[in-house]
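Novice: Sharing a model that was predicted from the sequence below.
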Amino acid sequence: MFGFKSKPAAKNDSAPEKPGLMQRLRTRLNRGDSWLTYDLANLLPGGRIDATVLDELETRLITADVGVETTERILSGLRKQVARKELNNLDALLGALRSTLLEILRPVQIPLQIDPKIRPFTVLVVGVNGAGKTTTIGKLARHLKDAGAKVILAAADTFRAAAVEQLQIWGERNGVPVISQAAGADPAAVVFDAMEAAKARNVNVVLADTAGRLHTQTNLMDELKKVRRVMSRVDPAAPHEVLLVLDASQGQNALQQARLFHEALQVTGVVLTKLDGTAKGGIVLAMASELRLPIRFIGTGETIEDFDEFDAEAFVDALLKR
């Protein structure tokens, strides 16, 4: 299996070292002090943990798109520990909070694995307009190529000429071929051609772009189901991954999108993009707690370097920055 460990770049003493994931998350999620832990010490009367502190935590979690259900899951355990007088100071509270968040996130920290025995391994990339599907495909293509895979891109968003052009730019940038047809072509036919080309060229992975659509547009969701059916004619097991790209700044709406895409297409993995924008990251916790779909990758910026496998510990430590 491809472990997605990028090949080390040639050493360049003059080049600045890329910041680690936790450092980048801290900078981009918090924009300064942690939204979750900032100023909590000032709420502790005589250093004691009481209901006021927990109520403040509850408010911060809900307003950061964690959602009521997941927030209650987090707070219920902390309230029990406070009642048992197990949390005597802020450090103890933050330690317990960290453990609770990791308990939610670790089960969904499941990297995408490509079985090299399956050729081509097909990844159908779906999501609503503006979520960042095409950019995600470009970054993932580089990620896979650096891990040693041969990749083909399928430009199955045939309704937007700009989408095909954007994918072709990513293909040229990464040295990866792009299979496309004329504007308005049947998306299923494009993916079929890409899979056939991949088989002929002994390619490892096909990444199929699709048109953005609202999760409520039944006719367009049906089109995606057709793409799935056509893929299964080439390989009964295809697609081997249905990768849902979600805009993290959409908050609870992204959670609803995930529910409906999953119902229609049996999503196998999620990419959360735009964590460098207005998102505070709470939707990551809601996704993990309520849907439990594997979070494959997160995007924290526009460049190829701003794309990482999801790391629960780095994510939690960034949230709890003090």
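Specialist: Sure, I can see it. Numbers count the residues shown, from 1 in each chain.
Novice: What does the closest residue to Arg73 other than its chain neighbours show for phi and psi?
Specialist: Excluding the flanking residues, the one nearest Arg73 by C-beta to C-beta, 6 or more residues apart in numbering is Ser289, at 5.9 Å. For the C-beta atoms, the positions are set from N, CA and C on the backbone; glycine is no exception. Ser289 adopts backbone torsions of phi -80, psi -40, taken as degrees, to the nearest 10.
Novice: Now do the same contact list for Ser289.
Specialist: Taking C-beta atoms under 8 Å, 6 or more residues apart in numbering as the contact definition, Ser289 lies against Glu69, Thr70, Arg73, Ile104.
Novice: hmm, 7 Å instead?
Specialist: Contact analysis of Ser289 by C-beta atoms under 7 Å, 6 or more residues apart in numbering lists Thr70, Arg73, Ile104.
Novice: so of those, which ones are in strands?
Specialist: When these are checked against strands (DSSP state E), there are no matches.
Novice: what are the ranges of the strands in the stretch 101-250 of the chain?
Specialist: Counting by DSSP state E, counting those that start in this stretch, one finds strands in the stretch 101-250 of the chain at the ranges 121-126, 151-156, 178-179, 205-210, 241-247.
Novice: mind putting those strands in JSON lines, distance to Thr135, mean pLDDT and mean neighbour count included?
Specialist: JSON lines is the format used below for these (distance: least, C-beta to C-beta, whole Å; pLDDT from 0 to 100; neighbours: other C-beta atoms under 10 Å):
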{"stretch": "strand 121-126", "distance to Thr135": "11", "mean pLDDT": "97", "mean neighbour count": "26"}
{"stretch": "strand 151-156", "distance to Thr135": "12", "mean pLDDT": "96", "mean neighbour count": "28"}
{"stretch": "strand 178-179", "distance to Thr135": "14", "mean pLDDT": "96", "mean neighbour count": "21"}
{"stretch": "strand 205-210", "distance to Thr135": "10", "mean pLDDT": "96", "mean neighbour count": "28"}
{"stretch": "strand 241-247", "distance to Thr135": "9", "mean pLDDT": "96", "mean neighbour count": "24"}
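Novice: Compare those and report which one is nearest to Arg296.
Specialist: The minimum distance between Arg296 and those falls on strand 241-247, with 6.7 Å, by C-beta to C-beta.
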